[in-house]
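Q: give the three-dimensional model of this entry:
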Amino acid sequence: MDVLCVGIAVADAIGYPIDVIPEKARLALFDRMELHLGGCPLNTAVALSRMGISSGLIAKVGNDGFGDFIVNDLGKEGVDTRGIARGDDASTSFTFIMVSSDGERRFLHTLGANAKFSFQDVNLSLMDEAKILSIGGAYLMPAFDGEGAAQTLQAARQKGLITSLDTAYNDRIEDWLALMQPCFPHLDYFLPSIEEAEAISGQSAPEDMAKFFMDQGCGVVAIKCGGEGSYLLTEDGGRHFPVYKVAPVDTSGAGDSWVAGFLCGLLKELSLDECVLLGNATAAHCIQAVGCTAGIKSLQEIQAFQKEQDCKA
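A: Residues are numbered from 1 along each chain as shown. Below is the predicted model of the structure:
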């Protein structure tokens, strides 16, 4: 496989549109509910597969119906599932996503089996088949974050893989930097969203965040800034990249799709600027449909969209 994604796997129940949360003992109606695959590295793996890049997932799910759903639907998407561990010690992770009329979302989440996922669940032999190892959902895996993630990245580096890591927000984290520091020396690409980047670095501007991470030992840093686009810092300096203008339906999975586009660009040997723009374009497709990956098209379609939009740094 080209990319081996590692981290959380989630069953996402998406309700749309939900603009008002009812008071206790009261009922509110919304139009529809859908069950989707979710979890940062899972979304990235599916998006890559849809773009024509072979991908696999290392994660943990429960021996339950939601676990069956994840494994079966990943197979339908063409994602290699040999790295998914299953256990009776916890249920499959689950998120209820409330999508408002303007496309923004609220989340209710239970960690489930993701809380049990550890370095011992990582099938190291699968790294022999991959070119890139990408960790996603950092800060939502208490038994893996920190030293477990660092061990995984180090093992991948020793096998000659390119390494990357993406983050997720967790309001229960007390020391964001301490958990991430063991990973920094083993990262070729650090790809956080701006909320987590701010919490880790203590900085308020993307330029200062990225410099902080590079000083910590990261190779290349790209920060996803939501509607403000992306910021890339390399040894040659930093630059901002604007978003592609589309009408958002659901922003779920936008950052994970961005990572897929960026990694796809690396595999296609694009310049780093082009990788970031491909990430922006992939995210733009993601947010035009309900669900974390439903809007993802083939690489050819996404690149045709880029030519039409002519979005430059």
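Q: now the helix or strand hosting residue 278: buried residues?
A: Per DSSP states H and E: residue 278 is located in helix 272-286. Buried residues in helix 272-286, counted by 16 or more other C-beta atoms under 10 Å: 272, 274-286. Any C-beta I mention is one placed from the backbone N, CA and C, and that applies to glycine too.
Q: just say helix, strand or coil for residue 72.
A: Put simply, residue 72 is helix when judged by DSSP: H, G, I helix; E, B strand; the rest coil.
Q: what is the burial count for it?
A: Neighbourhood size, residue 72 [other C-beta atoms under 10 Å]: 10.
Q: residue 203 versus that one, what's the distance?
A: 43 Å (C-beta to C-beta, to the nearest Å).
Q: over to residue 20?
A: 36 Å.
Q: please save the CA atoms from the lowest-mean-pLDDT helix or strand in the chain in CSV.
A: Sorting the helices and strands of the chain by mean pLDDT, DSSP states H and E puts strand 105-110 at the bottom, at a mean of 86. Written as CSV, here are the backbone C-alpha positions of strand 105-110 (Å, rounded to 0.1, in the frame of the first residue of the first chain):
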residue,chain,number,x,y,z
ARG,A,105,-21.0,21.1,13.5
ARG,A,106,-21.1,20.1,17.2
PHE,A,107,-19.8,16.8,18.5
LEU,A,108,-20.7,14.4,21.2
HIS,A,109,-18.1,11.7,21.4
THR,A,110,-17.2,8.5,23.4
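Q: tell me how far it lies from the chain's centre.
A: Chain-centre distance of strand 105-110: 16 Å, with C-alpha atoms, centre = their mean, to the nearest Å.
Q: pLDDT of whichever helix or strand comes after it, averaged?
A: For strand 105-110, the following helix or strand on the C-terminal side (DSSP H and E) is strand 132-138. The predicted model gives strand 132-138 an average pLDDT of 97.
Q: next one: stretch 212-223
A: The average pLDDT for stretch 212-223 rounds to 97.
Q: can you list the buried residues in it?
A: 212, 213, 214, 216, 218, 219, 220, 221, 222, 223.
Q: and the nearest residue to residue 282 once chain neighbours are set aside, how many neighbours?
A: Sequence neighbours aside, residue 261 is the residue nearest to residue 282 in space, at 3.1 Å (criterion: C-beta to C-beta, 6 or more residues apart in numbering). When neighbours are defined as other C-beta under 10 Å, residue 261 has 27 of them.
Q: residue 261: what secondary structure?
A: helix.
Q: over to residue 204?
A: Criterion first, three-state DSSP; result for residue 204: coil.
Q: just the pLDDT at it, thanks.
A: On the pLDDT scale, residue 204 gets 94.
Q: low pLDDT regions in the chain?
A: The model of the chain has pLDDT under 70 over residues 310-313.
Q: show me where it has strands.
A: Assigned by DSSP state E, the chain shows strands spanning 3-7, 10-16, 32-38, 55-62, 80-87, 94-99, 105-110, 132-138, 162-167, 189-190, 220-224, 230-234, 237-241.
Q: just checking the distance from the second one to the centre of its chain.
A: So that's strand 10-16. The answer for strand 10-16 is 16 Å, by C-alpha atoms, centre = their mean.
Q: can I get that strand in PDB? Just the C-alpha atoms.
A: This file holds the C-alpha atoms of strand 10-16, laid out as PDB (Å, rounded to 0.1, in the frame of the first residue of the first chain):
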ATOM      1  CA  VAL A  10     -15.200   6.000  14.700                       C
ATOM      2  CA  ALA A  11     -18.800   5.300  13.700                       C
ATOM      3  CA  ASP A  12     -20.300   8.700  13.000                       C
ATOM      4  CA  ALA A  13     -24.100   9.300  13.300                       C
ATOM      5  CA  ILE A  14     -24.800  12.600  11.600                       C
ATOM      6  CA  GLY A  15     -27.900  14.600  12.200                       C
ATOM      7  CA  TYR A  16     -28.800  17.500   9.800                       C
END
